[in-house]
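S.K.: have a look; sequence and predicted model below, questions after that.
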Amino acid sequence: MILNLPQYSFRIHEKAGKKLIFDGFRRRWVALTPEEWVRQNFARYLTEEKHFPASLVAIERSLRMNQRDFRTDIVLFSKSGNPLVVVECKAPEVKISQQVFDQIARYNLDLRVNYLIVTNGLIHYCCRFDQVQLTYTFLPEIPDYKEL
């Protein structure tokens with residue numbers, strides 16, 4: 001599926017009738033679902049176009065809140081190991097709704113990052129979270145790593 005991102009090449013193969021994609025960040029083969037396609041492409045976009053070091057990108061990072069387990073799609077870290085950005089990826093056919101923003105805002109109660117990104121591969125939203133005012137400001141574009 002064509003996304004609203006630059007095109008990247010990936011290692012894809014089929015096993016037992018199931019398509020798999022090699023995730024270079026997790027260094028393993030994973031099921032190629034529509035959401036995974038968005039996640040892999042967006043992670044590459046962040047490293048190749050926005051210059052985030054691949055070593056500071058975590059895919060499907062576990063998060064425990066209120067005795068429940070969650071998994072963030074992408075978390076980008078600073079060189080000192082602090083989370084900077086959390087990204088929520090949805091399949092291209094999923095509409096970006098208030099529910100999606102509520103989901104990523106809940107993750108941010110634990111992570112406390114300054115930037116939140118939501119994407120379905122076709123539409124991308126990025127906002128800056130003001131930790132003091134507790135407000136979100138939508139940005140016209142995703143900042144480069146050096147700008148954070």
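M.R.: Cool, the structure landed.

S.K.: CA only for contacts and neighbour counts going forward, please
M.R.: Will do.

S.K.: His45 against Gln7, yeah?
M.R.: Not His; residue 45 is Tyr. No: here Tyr45 lies out of contact with Gln7, judged by Cα atoms under 8 Å, at a distance of 9.1 Å.

S.K.: more neighbours, the two?
M.R.: Tyr45 (17 against 11; other Cα atoms under 10 Å).

S.K.: checking my notes, that one in a helix, right?
M.R.: Yes: judged by DSSP: H, G, I helix; E, B strand; the rest coil, Tyr45 forms part of a helix.

S.K.: what's near enough to touch it?
M.R.: Residues counted as contacts of Tyr45 (Cα atoms under 8 Å, 6 or more residues apart in numbering) are 5-6.

S.K.: from Tyr136, how far off is it?
M.R.: With distances taken as Cα to Cα, to the nearest Å, Tyr45 is found 23 Å from Tyr136.

S.K.: and if you look at Gly17?
M.R.: In terms of Cα to Cα, Gly17 sits 44 Å off from Tyr136.

S.K.: those two: which is more packed in?
M.R.: Neighbour totals were compared for Gly17 and Tyr136, and Tyr136 leads with 16 against 7 (other Cα under 10 Å).

S.K.: which element, helix or strand, includes that one?
M.R.: Assigned by DSSP states H and E, Tyr136 belongs to strand 135-138.

S.K.: tell me the mean pLDDT over that strand?
M.R.: The average pLDDT within strand 135-138 is 92.

S.K.: just how off-centre is that strand within its chain?
M.R.: 18 Å (Cα atoms, centre = their mean, to the nearest Å).

S.K.: looking at the protein, which helix or strand is least sure?
M.R.: strand 57-65 (a mean of 85; mean pLDDT, DSSP states H and E).
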